[in-house]
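# Dropping the sequence and predicted coords here.
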Amino acid sequence: MSVHKEIKRITTHTLQEMKQRGEKISMLTAYDYSMATILDDAGLDVLLVGDSASNVMAGHETTLPITLDQMIYHAASVIRAVKRAFVVVDLPFGSYQGNSKEALNSAIRIMKESGAHGVKLEGGEEIIESVQRIITAGIPVMGHLGLTPQSIYKFGTYTVRAKEEAEANKLKTDVLALQAAGCFGIVLEKIPAALGKEVTESLNIPTIGIGAGPHCDGQVLVVNDMIGLTKGFKPRFLRQYINLYDEILGAAQSYIRDVKANDFPNEKEQY
């Protein structure tokens, strides 16, 4: 008789409990079935199907070009791999800004067509109506403040945000507004560590930092950056755990040499 160990899925309730007991939340991006399988097996708490796929999967300069259909494609691929992690999907640029009805329709499409567990939106008070409408429909929402890449042309640079008092105060107001609207968590990107600490301590919901210091309730990185697939991208906040670019480059060059030398396939590699 076989015994199947039940895998306990991560939920928004799980993440809330983790904050309450001081257990840090681990989060990475994922865009495809194979990588999501590895990350889920590794025990990641949250997988983010990020609009950063526009950069690392499609080669665009910004996150703006990726479409809702493309995000659904990536999200569905990840969902098919996952047995434990909570999967959040970015609403892409143009699918929610300025129109809460469109925001709801976009979120519903992601949930229905991909099977995702929640969505993430960039912005503060200016998107509260969209956040509330989506949550009212029963869809979990994660916020995103600080450096919001979909607004890169407004910022003009990828530098650290909220260093000045006015912007820091707006961020403090925005996090409370997102919490009051019902968000289950908030990503804080590229803000001073001291502000990340202050904001995290002011909230009942978890914060996930990327370049926001060690005091956030969890951390997220773009997986391609963390495993060294992204050539030449080494911002201060990134810790690279392996250099897969060089590893894969070397493997491909070895394969080329073996093919050219007629060394592959050998007798053991044929029928």
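Thanks, I have it. Residues are numbered from 1 along each chain as shown.

# Show the contacting residues for residue 43.
26, 84 (CB atoms under 8 Å, 6 or more residues apart in numbering). Heads up, the C-betas are built off the backbone N, CA and C, glycines and all.

# what are the phi and psi angles of it?
phi 100, psi 20 (degrees, to the nearest 10).

# before we move on, what about residue 103?
The phi/psi pair for residue 103 (degrees, to the nearest 10) is phi -60, psi -50.

# That one touches residue 135, doesn't it?
No. With contact defined as CB atoms under 8 Å, residue 103 does not count as touching residue 135 (10.9 Å).

# Settle it for me: which of those two has more neighbours?
More crowded of residue 103 and residue 135, by other CB atoms under 10 Å: residue 103, with 24 against 17.

# what's the spacing between that one and residue 152?
20 Å (CB to CB, to the nearest Å).

# So what pairs up with the residue most central in space within the chain in the strands?
Closest residue to the average C-alpha location of the chain: residue 48 at 3.1 Å, with CA atoms, centre = their mean. Counting by DSSP bridges, residue 48 forms beta bridges with residue 29, residue 88.

# Hmm, it is touching residue 25, no?
No. Contact criterion CB under 8 Å: residue 48 and residue 25 do not qualify, at 11.5 Å.

# where do the strands sit along the stretch 51-200 of the chain?
86-90, 118-120, 141-146, 185-189 (DSSP state E, counting those that start in this stretch).

# Put together a markdown table for these, with mean pLDDT on each row.
Putting the strands of the stretch 51-200 of the chain into a markdown table (pLDDT from 0 to 100) gives the following:
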| stretch | mean pLDDT |
| --- | --- |
| strand 86-90 | 98 |
| strand 118-120 | 98 |
| strand 141-146 | 98 |
| strand 185-189 | 98 |
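
# Nearest to residue 71, out of these?
strand 86-90 (6.1 Å; CB to CB).

# what about dumping the CA coordinates of the closest one to PDB?
Extracted C-alpha coordinates of strand 86-90, given in PDB (Å, rounded to 0.1, in the frame of the first residue of the first chain):
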ATOM      1  CA  PHE A  86       1.400  30.500  -3.900                       C
ATOM      2  CA  VAL A  87       1.400  31.900  -7.400                       C
ATOM      3  CA  VAL A  88       1.000  35.700  -8.000                       C
ATOM      4  CA  VAL A  89       0.700  37.200 -11.500                       C
ATOM      5  CA  ASP A  90       1.500  40.800 -12.500                       C
END
